[in-house]
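In: sequence unavailable; structure follows:
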């Protein structure tokens, strides 16, 4: 190991030529289009690559859109929706008494 804590074989090889390279040329584009997320090890075992993660997240988004009731139907499900206004009597018929 050298003074920086690196192995000597980690150094740049002489055949690499970056003399014409431009530092940070793609940095902004990469940063704008990348969202790094770290998965816990147990979750990472189920998703070996980015494509599988994206596939399941798209499926979850699709399910969420089709499974979540809209605001109008949500209000119909509230306990208040089934209450009759005060002062009104419930009308029953003999057939309904069973």
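Out: Good, I have the coordinates. If you're wondering where the values come from, they're calculated on a predicted model, not measured in any experiment.

In: quick one: the helices in this structure, in order.
Out: 27-32, 41-46, 50-67, 71-77, 94-97 (DSSP state H).

In: okay, these in TSV with distance to residue 16 next?
Out: C-beta coordinates here come from the backbone N, C-alpha and C atoms, glycine included. Converted to TSV, the helices of the chain look like this (distance: least, Cβ to Cβ, whole Å):
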stretch	distance to residue 16
helix 27-32	20
helix 41-46	32
helix 50-67	28
helix 71-77	59
helix 94-97	87
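
In: closest to residue 17 out of these?
Out: In this view, those are compared for proximity to residue 17 by Cβ to Cβ, and helix 27-32 is the closest at 20.7 Å.

In: in that closest one, what's buried?
Out: By neighbour count on 16 or more other Cβ atoms under 10 Å, the buried set for helix 27-32 is empty.

In: what's the average pLDDT for that helix?
Out: Averaging pLDDT along helix 27-32 gives 83.

In: just stretch 35-42 next, same as before
Out: pLDDT averaged over stretch 35-42 gives 87.

In: ok, residue 53 - how many residues close by?
Out: Applying other Cβ atoms under 10 Å, we find 16 other residues in the vicinity of residue 53.

In: the nearest residue to it once chain neighbours are set aside: neighbour count?
Out: Nearest residue to residue 53, sequence neighbours excluded (Cβ to Cβ, 6 or more residues apart in numbering): residue 47, at 4.7 Å. When neighbours are defined as other Cβ under 10 Å, residue 47 has 15 of them.

In: kind regards, and thank you for your time.
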